[in-house]
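Next come a sequence and a model predicted from it.
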Amino acid sequence: MTMSSRFLVPSVVLLLVLATGAAPAWADPVAGSSSCTAGGVTWRVAWTVSDSVYGPLARVTGLTRTDASGTTEAGALRWELRWDNLPGQWPPDTPQAVPFQHVTGTLTGTPAVGDRPVATYLSPRLVTPDGGCQVYLSPYANAHGQPGLPRVAVLGDSLLQQLNDSGYNAAHGMQGYVEGNLNTAGMLAEVEGQGGRRWTDDGGTGLAKADGYLLDEFRGLGEHETSGFVVALGANDALHVALGATQQERDARWAAVYDKLVAVLGEMIAGTGCLVAITAPQHGNVYSGDYAAAATRLNDVLRWIAAADGADSFTLLDFAAEAGQHQHGAAQPWFDSDNLHLSTAGRLVYTAKITEAAGRCRQTPAARAVQVYGAPGTFGTLTDGGTAPTGQPIGASPVPGWDVPPGQSAFFSAVAADGTIFTAGLDHNAVFFFPTADDSVIMSFDPARRAYENIRIRSTTGATHGRHPPASPGGSSIADLQAIDGGDAIAFTVFAPNQSGHDGQGVWPTFGVLTKTGGRWQVADGNQWTAAQLRDSHPTLGRAACGDSAPYCRGMNEMSLLPASKDLVVAQYTSGTGEENKNGAIVVLRVEGPDAAGRYTASIRGHYQLPRFPNPQTAAPDDYADLSVLAVEADPTGTLGDERFTAVFDAWNVHNPVIEFSYDAATGRITPVSAPLIAGDRDDGGRFWGSSAGTYDGDGNLWIRRSRGFANGPLAVYARQPGRHNVGGQSCAYDPAKGWHEYTSSFGGTTVWGLTCPPDYDLLQGAETGPTTGVAYDPERGHLVTLGASGEVLAIRPSGAGRAMSFTIGAFTDPGRSRLPVGANPADPARKSVTDTRLGGFDASGRFFYWLGQRVAPSCGAPVEGPCRTDNAYAELDQWLVTVDPGALFDPAPAILPVEPGQRRTIEAEHTATTATTLTQGSTITVDSHAFVHLCMWGWGTSQCADKGADNSYQTEGWVLADDTGTAGHPGTPVAYKVFVPRGGEYTIAYRARMRGAAGGRIHVRVGSTAYPATTVAEGGWGVVTGPVLTLAAGENTLTVSAPPGEAGWYLNWFSLTRGAS
């Protein structure tokens, strides 16, 4: 639940509630929890919110602590409950105001933090027992802000605290000038101005630690979808340095402040997509003659690091550079007589500067390299601002109102021109014929507005829900979505309109179009068609395409937009009537419009029935090939009269090749132009690879992923070349004189359906990382991504043409599926859910999006019959939308190293800056990545790859840097990693590695051009071996690891860099 409303009440009454805990007229409470994580420990606060005559009141109900050893109750520990001052508790009414009210105690003791209801508009929060975190219950509850606006936190010292005025607050119903200005500018604000606070801690421990700095507030607010942070600190750090009694003591204090400052900045930069620092005044004041020098040194560090931040997530607003001209006594002074605190004019200027700084975060939260969206409370151990299992920065965005309906799981997606992402709702059985919900749903999500909505399709009678008699689910799954009309409309197919015709509930459509009407996406009247309506749209093709068995239209499945005609080619999964129509088919729909009333027309334009032919893989005379058309994909280079597309199949009793077709929009004719083709190579067991998901790129090159069951082979590229009429060239062309059963390949006494047509290129990267569910192409930027079954993403950037292509391959990415609560099924814990990833697409900014969905595993064995399917009905399972920035995979940001002695940073071996490939010529050109990634096999030794270490100080998953040959290390090919060092020094490198099938492997490391002694990897299982001490200069450094010839044979899981004492 998100608490977002404020309710202003008379201060005397509210103070009575807070002081006594006596709350009148509590409504039924709403329960929830909030958390904060630091140092490997997650603190969680359970709470309830109840309505009262005073507005929503929050009460703490439970406290826990979670670390590597598990979760324990923390109610017996001492916590500090804080809440904002009332409007009248600020100057001038209270000249010596404290920044907040508080009570310290255990959950139920005396005093207790659990028996005190606090108005949510006062932003209740708890300081954790270690002082390292604050858990916010209700941040950003601004009286004059609207939910959904960007959220900006402002953290500062007494200069920020000065920007409160009891008269202003009471008159406007808010907390200070900053909140008022940010609300006016269209932002929500959480303001923490506390006198005496520093960038760095003051050495306090326990709860007292939170009284020295504001990093605990930063950590807590970072878990509430904060768009960005404005931090206005530094004066107290500088005063701490300046007040040292001797120069030696001042130097020692500065060294300590410096090391802590860069560590705090490193954590903040990594923890948010937008951080703006406001420099502290650096001119002299009455408190110390050494203040100006100390403040200047500190501000210079901020200026330097901001300039070095290549991602521009950290910027500076240099208040100090202007403030020097407005000291006390100047013509236009901004400061009071102490020349540090603000005058009345200075407060107005400072407010304006903070508002300007916050505006830089207005368009955020800027998505990180990997961004995960979902319902609040469903992210498990995946934390916003952390790192993905493969090392990329990752964000977790809870979306209020995110509500995937019961019985629905996320399926294929499409994006509209306005940026809205639409997702098909799929039954939990994933077979279409056995519904698990009563409705037919398309989920919509606008990332810019963080707005989620379910769009329910209506039947012909206007019903949005349906049941099979007597009480079985009667909803229908959406099979696919496709943007049309330049993204101003979204077409959808319904595979099996299930509830149709029962008890007057009407008939579900088999095809429809979403449009934005009245500011909302919906299916306007007249923009959906039943199977019967499509059948009647063409006098001759209609019956072949949809038959007489309405409401079904032969399983309208995946579709693709043809580039020239703008017609839609659609896979038809099921058979028709008659022996000659036993296999699946392909239909082309023409969608025209809209007219003045916003209505489209849809009609059948072409149809192709897969022929019935003998199974070439058996000798049985009555055995015929059984084919369902699974997916179609259009070639974007197609021209009118010859628009190409491919079809892949669910081949039930034969091999699964790919076939290229041509479509003539003028006649509606669909013609095969390629043979049913396979690459012709085999897996380790000597079995032919089949063809699965594929796509064309912008040059007409066809990319096909090999597959066999859940296994995955190299990615094949069939290059479009001059003189080639079809994929694979003349030797792979379709011959009308041949029967389909004559296209075969044989090896070792085994014959399979499909003609051997070797690809032009084989990309090895991804062949050893598990099954792949799809390949997508970004036409604006020219790169492709592959999507793995667990959500892994690999980015590829091709260039050149024909047999002269080259390939850049980005870092491999895992979005953190293992950290999400997948497998949980609250309705039936004994039956676990299964994850299901489906291909999405690219938004206007170039981010690739897809869903990590869940379905309920069937409780009965295959084959599963109807009654057994219904027990999956109405399950409510968490579903997440993931977006990935491919640009961050080609050019990853450097890892920021710690500067405090003994601290370390672990870098995943697959999170490399090396994108180069080596091409080996042959009939098929082999493309080998210099940084080859391999799935870590659990049998490789007694320690699994996901080892987190005894101190839980790093979290790594099952991916390793390896060589496709199985000998590991890519002999002679260095693999590069970028690190950023805030302060030069020495770091000890250690490797988590193992040998496989070879002895004498050694890891070589270089920093720039400087080589260091090699490290020997012992034989046996996984282990950590310590390498040399590296000297790293301040700024960005490039490390390379390699295994020269004769010293290969190792796999690398990760390496760490530990700061030395110097």
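Nice, thanks for sending it over.

Am I right that residue 215 is in contact with residue 264?
Yes: at 5.8 Å, residue 215 and residue 264 qualify as touching, with contact defined as C-beta atoms under 8 Å. From N, CA and C alone the C-beta is placed, and that goes for glycine too.

Now do stretch 126-141: distance to the chain's middle.
Here the centre of stretch 126-141 is set off from its chain's centre by 25 Å, with C-alpha atoms, centre = their mean, to the nearest Å.

make that stretch 276-289, sorry
40 Å.

And for stretch 1030-1039?
30 Å.

So which residues make contact with it?
308, 310, 894, 897, 913, 976-989, 1005-1008, 1010, 1012, 1057 (C-beta atoms under 8 Å, 6 or more residues apart in numbering).

One more pass at 6 Å, please.
The contact list for stretch 1030-1039 (C-beta atoms under 6 Å, 6 or more residues apart in numbering) reads 894, 976-981, 983-984, 986-987, 989, 1007.

just to revisit the earlier point, and residue 215 and residue 264? Which one has more around it.
residue 215 (28 against 20; other C-beta atoms under 10 Å).

Quick check: pLDDT value at that one.
pLDDT for residue 215: 96.

Return the residues in contact with it.
Applying C-beta under 6 Å, 6+ apart, the residues near residue 215 are residue 264.

Next one: it from residue 41, what distance?
14 Å (C-beta to C-beta, to the nearest Å).

tally of neighbours for the residue nearest to residue 796 when sequence neighbours are not counted?
Leaving out its chain neighbours, the residue that sits closest to residue 796 by C-beta to C-beta, 6 or more residues apart in numbering is residue 784, at 4.8 Å. Neighbourhood size, residue 784 [other C-beta under 10 Å]: 25.

With residue 467 instead?
Counted with other C-beta under 10 Å, residue 467 comes out at 17.

That one reaches residue 475, doesn't it?
No: the pair residue 467 and residue 475 does not pass the contact test of C-beta atoms under 6 Å, sitting 8.9 Å apart.

and the least confident of the contacts of stretch 1030-1039?
residue 983 (77).

Now do residue 257 against residue 197, distance only.
From residue 257 to residue 197 the distance is 14 Å (C-beta to C-beta).

more crowded one of these two?
Using other C-beta under 10 Å as the criterion, residue 257 and residue 197 rank with residue 197 on top: 28 against 22.

how close does the nearest residue to that one once chain neighbours are set aside get to residue 570?
Distance criterion C-beta to C-beta, 6+ apart; nearest residue to residue 197, sequence neighbours excluded, is residue 157 at 4.8 Å. Using C-beta to C-beta, residue 157 is found at 63 Å from residue 570.

what about these two, which has more around it?
residue 570 (30 against 24).

Might you quantify the distance of stretch 329-340 from its chain's geometric centre?
48 Å.

If you count residues, where's the longest helix of the protein?
Secondary structure of the chain per DSSP state H: the longest helix is helix 247-271.

Tell me which other helices or strands it touches.
Packed against helix 247-271 by the contact rule (3 or more C-beta pairs under 6 Å, 6 or more residues apart in numbering; DSSP states H and E) you find helix 235-242.

May I ask which helix or strand encompasses residue 907?
strand 904-908 (DSSP states H and E).

Could you identify the helix or strand that succeeds that strand?
strand 917-920.

Enumerate the positions of that next one that are buried.
residue 917 (16 or more other C-beta atoms under 10 Å).

Listing partners with orientation, what would you give for that strand?
strand 925-929 (antiparallel) (DSSP bridges).

what's the following helix or strand after the partner strand?
Counting by DSSP H and E, what follows strand 925-929 is strand 932-935.

Can you show me the CA trace of that next one as PDB?
Provided in PDB are the C-alpha atoms of strand 932-935 (Å, rounded to 0.1, in the frame of the first residue of the first chain):
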ATOM      1  CA  PHE A 932      32.800 -15.600 -23.500                       C
ATOM      2  CA  VAL A 933      30.200 -16.200 -20.900                       C
ATOM      3  CA  HIS A 934      29.200 -19.700 -19.700                       C
ATOM      4  CA  LEU A 935      26.500 -21.000 -17.400                       C
END
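
Can you tell me what sits against the helix or strand just after it?
As assigned by DSSP H and E, the chain's next helix or strand after strand 932-935 is strand 959-962. Residues outside strand 959-962 that contact it (C-beta under 6 Å, 6+ apart) are 909, 910, 932, 933, 934, 936, 968, 1051, 1052, 1053.

Just after strand 959-962, pick out the following helix or strand.
Once the chain leaves strand 959-962, the next helix or strand it forms, by DSSP H and E, is strand 975-981.

got a list of contacts for stretch 270-288?
222, 228-232, 234-235, 239, 242-243, 268-269, 291-292, 295-296, 299, 302, 313-320, 323-324, 327, 338-340, 357, 360-361, 364-366, 385.

Next one: residue 1053 from residue 1005, what distance?
16 Å.

tell me which element the residue lying farthest from the centre of the chain falls in.
For the chain, the largest distance from the centre (C-alpha atoms, centre = their mean) belongs to residue 329, which lies 53.2 Å off. Under the criterion DSSP H and E, no helix or strand holds residue 329.

if I look at it, how far off is residue 476?
From residue 329 over to residue 476 (counting by C-beta to C-beta), the distance is 77 Å.

that older thread, may I see the contacts of stretch 1030-1039 arranged in TSV, with neighbour count as well?
Converted to TSV, those look like this (neighbours: other C-beta atoms under 10 Å):
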residue	neighbour count
894	19
976	17
977	24
978	18
979	20
980	20
981	22
983	20
984	13
986	15
987	25
989	23
1007	19
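
Contacts made by stretch 142-149 with the rest, please.
4, 6, 173, 174, 183, 186, 187, 188, 449, 450.

To clarify, my last question referred to stretch 243-261.
199, 200, 237, 241, 288, 899, 900.
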